[in-house]
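[1] turn this into a model:
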Amino acid sequence: MPRRMLSRAPVSAVRSPEHGALRRGPSWLLVAYPLLALAGAWTHRQGWSLAALMLLLTVLMWPALRARQALAWLLWVGLAGGMVWLASHGLAAQVLDTVPVLVSALLSWLFGRSLRAGRQPLIARIIEAVEGESRLAQPGIARYARQLTWFWTMLLAAQAVLLGVLQALAVPGGLFARLGRAPPLALPAGWAMGYVHLGGYALLVAAFLAEYLFRRWHLRHLEHMRLHDLVMRLALRWPQLVRGGRAEP
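    Sure, this is the predicted structure:
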């Protein structure tokens, strides 16, 4: 099959039923999550933190909720009640602060475990799902996929450590402050928590965009999918890829 046809196939698939399915979902609401979390961190109001937690919970459970699965709805109600209880005891903000650290650590683990012997690197699985198996056979793609998987593993691990350090050193409200001890290096809570709930996600987006531009230059002998189509396709395939499944392009 000509290379031009291979490059166009994913685009048409994204813009048809799958594109509509993504638009019907609440994933776009995730853009409000860091804003709500940041508002809770800066104002110290449990309502904002609770709203951020509820939004994140709903988006993550949306496929099962939309399918009207009774167990999923019971779990959602139970977790929502637990979050309300945490907020009523002034603990919602503390729980919310751990989310960015856990997300970075979990993603680093997902990328890293795929580098073990006998496993296919996660980036290679993503390439298969987004652009097809034939893409990995093109010159330089398989090697770049493994290198890129290492890059995301290390970046996300460093991000998790940095976020944990910022939360520990923040004044007021940091771990040292909560334990009644002076931190070795006091960081203003507004700046520290601003990076935890907003800057950390911005860094990952910037790294994704920078890698996309580098890839187009480094592998300039190959055709590449447009950025918009790549993001849409990745958003659709990501849940199945995380579960270890193979998504057909």
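[2] list the contacts for residue 146?
    The contact partners of residue 146, by CB atoms under 8 Å, 6 or more residues apart in numbering, come to 115, 121, 123, 124. Any C-beta I mention is one placed from the backbone N, CA and C, and that applies to glycine too.
[3] quick one: pLDDT of it?
    On the pLDDT scale, residue 146 is placed at 93.
[4] right, and residue 61 touches residue 75 too?
    Yes - using CB atoms under 8 Å, residue 61 is in contact with residue 75, at 7.3 Å.
[5] go through the contacts of residue 146 and name the one nearest residue 151.
    residue 123 (8.8 Å; CB to CB).
[6] for whichever helix or strand that closest one is part of, name the packing helices and strands.
    If you go by DSSP states H and E, residue 123 is part of helix 122-131. Counting by 3 or more CB pairs under 8 Å, 6 or more residues apart in numbering; DSSP states H and E, the packing neighbours recorded for helix 122-131 are helix 3-13, helix 92-113, helix 133-136, helix 141-169, helix 227-242.
[7] so which of those is nearest residue 198?
    For these, proximity to residue 198 was assessed by CB to CB; helix 92-113 is nearest, at 9.5 Å.
[8] send me that closest one as CSV with only the CA atoms.
    Extracted in CSV, the C-alpha atoms of helix 92-113 (Å, rounded to 0.1, in the frame of the first residue of the first chain):
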residue,chain,number,x,y,z
ALA,A,92,-10.2,17.1,50.8
ALA,A,93,-7.3,19.4,50.0
GLN,A,94,-4.8,16.9,51.4
VAL,A,95,-6.2,14.1,49.3
LEU,A,96,-6.3,16.3,46.2
ASP,A,97,-2.6,17.2,46.7
THR,A,98,-1.6,13.6,46.4
VAL,A,99,-3.3,13.1,43.0
PRO,A,100,-0.6,14.7,40.8
VAL,A,101,2.1,12.7,42.5
LEU,A,102,0.2,9.4,42.2
VAL,A,103,-0.6,10.2,38.5
SER,A,104,3.0,10.8,37.6
ALA,A,105,4.2,7.8,39.6
LEU,A,106,1.6,5.5,38.0
LEU,A,107,2.3,6.7,34.5
SER,A,108,6.1,6.3,35.0
TRP,A,109,5.4,2.7,36.2
LEU,A,110,3.3,2.0,33.2
PHE,A,111,5.9,3.2,30.8
GLY,A,112,8.8,1.5,32.7
ARG,A,113,7.2,-1.9,33.1
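[9] if anything else comes up later, I'll come back, but that's it for now.
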